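**Q** Generate a structure from the sequence data that follows.
(one chain, ligands or ions: 1)
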Amino acid sequence: MVAQVMEGLRVIGDGAYLDGTFGRGGHARRVLERLGPGGRLLLMDKDPEAIAVAEREFGADPRVAIRRGSFAALADWAPVRGGLDGVLLDLGVSSPQLDVAGRGFSFGKDGPLDMRMDPDAGESAAEWLARAEEREIADVLWTYGEERMSRRIARAIVARRGEAPLTRTAELAELVAGVVPRGRHDIHPATRTFQAVRIHVNRELADLEAGLEAAHAALRPGGRLAVISFHSLEDRIVKRYIARHAKPPPGNRRLPAAPAFEPSLIAIGDARKADAAEVAANPRARSAVLRVAEKPGIGNRESGIGKAGGRSAGAAAGSGGALLRFPIPYSPFPGAAELRP
Ligand SMILES: C[S@@+](CC[C@H](N)C(=O)[O-])C[C@H]1O[C@@H](n2cnc3c(N)ncnc32)[C@H](O)[C@@H]1O
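**A** Residues are numbered from 1 along each chain as shown. Alright, predicted model coming up:
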């Protein structure tokens, strides 16, 4: 979704941007192309292999700074504290992580049962499955994999590890395939289990919640946040986060009127999906959803609220490019002018 991300971020030449999920740099490269000599690009990834690629390709560029770590902790990084004009989070795993058997992410390729994006942090999938209680395993499979056979799979894992530890991806995939009835899934029977264990081992949803807060706080007025999710659990968190900061909470007539609501984010357009050509070129893009939001106000850029933006901002500011001179206070009256001096 590179073109859509670039349209969403609206990179300005002397702006400061953070790509919190460098991967192999597909998005970072495009941002850098648009930056002038006064621009800044901050790159993060949890994965040491991704960081090695970033160092090799961009390490010599004076506009670039690189840090290995989670975007959940982006506020701890000194260059972020100057403020950012855009943050990109392209969530989940990268193709190299899935494709290299040795990383242990894939049920299709036998490898050590690891699944850590940062192999130096936390427990591997094998270590967690060796010690977790049956109930905890079932809860993880249900919550992060929406796996309806979660209890049966958890029971089978605990029974199996009583005989010999599960150490290989193929062992886990085979065990799950033996529990989940054939034909119930149009996908590999272990897909949901692998997704759930990966999300748990990498604390993906907790990182996302913390990363959204930190990115939002780091944005300058007019700065943009672009997030690509790959499953409904992630997208729900992103959608709700933006809505919570863009719209007033529902009123309750029995309570005293709430103070005027000041949005601290404005949704830019609706959720976007990859187009057919992109899905044909990369089938994994099929489940990608991009959401973009802007911090209101005038910052480093001329702030034109995009089409179909939050509330009537789009109408007020035209189809983008117009100056928005002040934050948009919430008006309880539909149709009332929302832009007040
Ligand atoms: C889908 S890939 C990103 C691909 C990248 N946009 C590109 O164009 O090559 C996701 C990357 O994000 C990294 N990642 C996932 N969660 C992370 C987190 N909380 N903090 C930092 N990196 C993370 C993964 O290690 C992986 O390299």
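
**Q** Where does pLDDT dip in this structure?
**A** Scanning the chain for pLDDT under 70 picks out the ranges 183-185, 299-341.

**Q** one more time with 90, if that's ok
**A** 1, 100, 107-108, 180-188, 247-262, 275, 277-287, 297-341 (pLDDT under 90).

**Q** Now for the residue sitting nearest the centre point of it: which residues touch it?
**A** Nearest to the mean C-alpha position of the chain, by CA atoms, centre = their mean, lies residue 91 at 3.6 Å. Residue 91 is in contact with 21, 204, 208, 227-230, 234, counting by CB atoms under 8 Å, 6 or more residues apart in numbering. (Each C-beta comes from the backbone N, C-alpha and C, glycine too.)

**Q** One more: residue 229?
**A** 91-92, 235, 238, 288-289, 291.

**Q** Ramachandran angles for it?
**A** phi -110, psi 160 (degrees, to the nearest 10).

**Q** What distance do you get for it to the ligand?
**A** For residue 229, the distance to the ligand equals 10 Å [CB to the nearest ligand atom, to the nearest Å].

**Q** Can you name the helix or strand that the nearest residue to that residue once chain neighbours are set aside falls in?
**A** Closest residue to residue 229 apart from its sequence neighbours, by CB to CB, 6 or more residues apart in numbering: residue 235 at 4.0 Å. Using DSSP states H and E, residue 235 maps to helix 232-246.

**Q** how about the residues of the stretch 201-341 of the chain that lie near the ligand?
**A** Contact residues, the stretch 201-341 of the chain versus the ligand (CB under 6 Å from any ligand atom): residue 207.

**Q** To clarify, my last question referred to the stretch 1-150 of the chain.
**A** When proximity is defined as CB under 6 Å from any ligand atom, the stretch 1-150 of the chain approaches the ligand at 20-21, 23-27, 44-47, 50, 70-72, 90, 92-94, 117.

**Q** Of those, which count as buried by neighbour count?
**A** With burial judged by 16 or more other CB atoms under 10 Å, the buried subset of those is 20-21, 23-25, 27, 44-47, 50, 70-72, 90, 92-94, 117.

**Q** What about these, which are in strands?
**A** 44-45, 90 (DSSP state E).

**Q** from the residues of the stretch 1-150 of the chain next to the ligand, which ones fall inside helices?
**A** Among those, the members falling in helices (DSSP state H) are 26-27, 50.

**Q** Just give me the closest of those residues to the ligand.
**A** When those are compared for distance to the ligand (CB to the nearest ligand atom), residue 26 wins out at 2.8 Å.
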